[in-house]
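Undergrad: Structure here, sequence nowhere to be found:
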């Protein structure tokens, strides 16, 4: 015995019973449910798929939020990564600045000004003091100290914010869907 249902007398198979509109090519429609390309010869195909309703413009949603607690560990991680990025940028900027000043000849001119003013004592050599390895070492040490200080200060400020927000309720923010 088969699982197919026999057709009633006078009943056509589903594919043959479909109307001409079902077999017609699909019409591209815009977001407003109107056809993009109007076909004047076949207006039945240009009807909207969904009926167009007279809808009112939705009101903007608003949500009131309060920032009452900040994770100190999260603040420490983010501030460390941002200060690391700042330190790398600072070292690269000093490198490019030193290369620019060397190419322009600023160090030679400053040494010449010292010697013409009679300040040349023989023991002071500006090119040795402001050499590239010396400058980059000083900037790297400064950047490391800066990273540690920024991370510690941001973490302390996060902890202070948690204490103050426990007293006053935190920062209240209203978000809107405009």
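TA: Arrived safely, thanks for sending. The model shown is predicted, which means the values in this text are computed figures rather than measured ones.

Undergrad: wait, residue 114 sits on residue 126?
TA: Yes - contact criterion Cβ atoms under 8 Å: residue 114 and residue 126 qualify, at 6.9 Å. Quick note: C-beta positions are derived from backbone N, CA and C, even for glycine.

Undergrad: How about the secondary structure of residue 65?
TA: Under DSSP: H, G, I helix; E, B strand; the rest coil, residue 65 falls in the strand class.

Undergrad: For it, give its distance to residue 175.
TA: 6 Å (Cβ to Cβ, to the nearest Å).

Undergrad: Contacts only, for residue 76.
TA: 151, 154-155, 158 (Cβ atoms under 8 Å, 6 or more residues apart in numbering).

Undergrad: isn't residue 132 right up against residue 96?
TA: No - in this structure, residue 132 is not within contact of residue 96 by Cβ under 8 Å, at 11.4 Å.

Undergrad: Buried ones in the host helix or strand of residue 86, by neighbour count?
TA: For residue 86, the host element (DSSP states H and E) is helix 72-104. Neighbour-count burial for helix 72-104 flags 72, 75-76, 79-80, 83, 87, 90, 94, 98 (criterion: 16 or more other Cβ atoms under 10 Å).

Undergrad: same thing with stretch 155-173?
TA: So for stretch 155-173, counting by 16+ other Cβ under 10 Å, buried means 155, 158, 161-162, 165, 170.

Undergrad: what comes into contact with that stretch?
TA: By Cβ under 8 Å, 6+ apart, stretch 155-173 touches 64-72, 75-76, 79.
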